[in-house]
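K.L.:
all I have is the shape, not the residue letters:
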């Protein structure tokens, strides 16, 4: 899929298991939105083959639409409509919708149910968008940034609802900029960058290799060649990636010997550590390592 000279999706191939939560992750501009919009039937693929629930999202759109739910990150409701009125309207379009009062209660929409959509906070709009996506009892739900702008309690309520939908056999495909969200919810993670699939696996599979990390934070920005220099000092089997100008992520065997080498390197290069944190590799660490970029919110 290309837009002029820019290729948004480049030979991407991935699958989603029925009854699972699958996270599609990638930096801004990686091709996530184009991929999902193609699966939802909003864009026609220029090459290749797309099947959703066994159907062609373009040629068999009328058969597909009643079986899927789509949560848009922005929009999806009229500016002046009240929140619960909008949800009731969407419910009325389906043959066997979920009970609206149940969704209002589960997603904390009761306090803003009579508020016009344009006056809702970002988090409230997201909760309404999720309710609109699932009220029709879809077999498959696409959720885009489901907890953006939500407070911690609303995030947990949303996570619980998504987990319950999965337990009921609903298939969920989500995009998120929150690594803890993907790590907690997803059965499978697909990481894409520059329109290509670069890693797939469960969160456990992706974080298992090179299980230990050291986060080195210093008081002043590192010299330009610091990552390569530290990499050479630590030797094969260890990876050094830049997080910020003043922090590095070291992945590999992290023991007393490694810590001693990092300390000696800092002393040799006149670098003053602010902290060295030893821990297990997270999904965010994996993402940074394989893309070389942070997942900006």
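P.N.:
Nice, thanks for sending it over. Computed from a predicted structure; not experimentally measured.

K.L.:
only C-alpha atoms from now on, for both contacts and neighbour counts.
P.N.:
Will do.

K.L.:
can you give me the strands for the stretch 151-297 of the chain?
P.N.:
Ranges of strands in the stretch 151-297 of the chain, per DSSP state E, counting those that start in this stretch, are 171-175, 188-193, 196-201, 212-218, 239-244, 247-251, 273-280.

K.L.:
could you dump those into CSV and include mean pLDDT and mean neighbour count?
P.N.:
Shown next, in CSV, are these (pLDDT from 0 to 100; neighbours: other C-alpha atoms under 10 Å):
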stretch, mean pLDDT, mean neighbour count
strand 171-175, 96, 23
strand 188-193, 92, 23
strand 196-201, 90, 17
strand 212-218, 89, 21
strand 239-244, 89, 19
strand 247-251, 90, 23
strand 273-280, 86, 14
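
K.L.:
and these: which comes nearest residue 291?
P.N.:
strand 188-193 (6.9 Å; C-alpha to C-alpha).

K.L.:
how far out from the middle of the chain is the closest one?
P.N.:
9 Å (C-alpha atoms, centre = their mean, to the nearest Å).

K.L.:
pairing partners for that strand, with directions?
P.N.:
As defined by DSSP bridges, the strand partners of strand 188-193 come to strand 21-25 (parallel), strand 196-201 (antiparallel).

K.L.:
got a list of contacts for the last one?
P.N.:
In this case it means strand 196-201. 9-14, 30, 188-192, 206, 290 (C-alpha atoms under 8 Å, 6 or more residues apart in numbering).

K.L.:
among the strands paired with strand 188-193, which is nearest residue 174?
P.N.:
Closest to residue 174 of the strands paired with strand 188-193 is strand 21-25 (C-alpha to C-alpha; 4.9 Å).

K.L.:
angle of the very next helix or strand once past the closest one against strand 21-25?
P.N.:
Later in the chain than strand 21-25, the nearest helix or strand by DSSP states H and E is helix 32-39. With axes from the mean of the first three to the mean of the last three C-alpha atoms, to 10 degrees defining the directions, helix 32-39 sits at 130 degrees from strand 21-25.

K.L.:
average model confidence for helix 32-39?
P.N.:
For helix 32-39, mean pLDDT rounds to 89.

K.L.:
circling back: now the strands of the stretch 151-297 of the chain as JSON lines including distance to residue 36?
P.N.:
As requested, the strands of the stretch 151-297 of the chain are exported to JSON lines (distance: least, C-alpha to C-alpha, whole Å):
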{"stretch": "strand 171-175", "distance to residue 36": "9"}
{"stretch": "strand 188-193", "distance to residue 36": "12"}
{"stretch": "strand 196-201", "distance to residue 36": "14"}
{"stretch": "strand 212-218", "distance to residue 36": "33"}
{"stretch": "strand 239-244", "distance to residue 36": "28"}
{"stretch": "strand 247-251", "distance to residue 36": "31"}
{"stretch": "strand 273-280", "distance to residue 36": "31"}
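
K.L.:
out of those, which comes closest to residue 263?
P.N.:
strand 273-280 (8.3 Å).

K.L.:
hang on, the earlier thing: any chance of the strands paired with strand 188-193 in CSV, plus distance to residue 176?
P.N.:
Converted to CSV, the strands paired with strand 188-193 look like this (distance: least, C-alpha to C-alpha, whole Å):
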stretch, distance to residue 176
strand 21-25, 7
strand 196-201, 16
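
K.L.:
need the contact list for residue 81.
P.N.:
Contact analysis of residue 81 by C-alpha under 8 Å, 6+ apart lists 116-117.

K.L.:
against residue 118, how distant is it?
P.N.:
Plainly put, residue 81 is 8 Å away from residue 118 if you go by C-alpha to C-alpha, to the nearest Å.

K.L.:
shaky segments in the chain?
P.N.:
By pLDDT under 70, the weakly predicted segments of the chain are 1-8, 73, 75, 209-211, 292-297.

K.L.:
domain map for it?
P.N.:
The record's domain split for the chain, according to automatic domain parsing, is 2-202, 211-280.

K.L.:
looking at those domains, which is buried most?
P.N.:
Greatest average neighbour count among the domains of the chain goes to domain 2-202 (a mean of 18), per mean count of other C-alpha atoms under 10 Å.

K.L.:
how far does that domain sit from the chain's center?
P.N.:
With C-alpha atoms, centre = their mean, you get 11 Å for domain 2-202.

K.L.:
on that earlier part again, closest one to residue 129 among the strands paired with strand 188-193?
P.N.:
Taking the strands paired with strand 188-193 one by one with C-alpha to C-alpha, strand 21-25 is closest: 18.2 Å.

K.L.:
tell me what angle the closest one forms with strand 171-175.
P.N.:
Using the same axes, to 10 degrees: strand 21-25 against strand 171-175 is 20 degrees.
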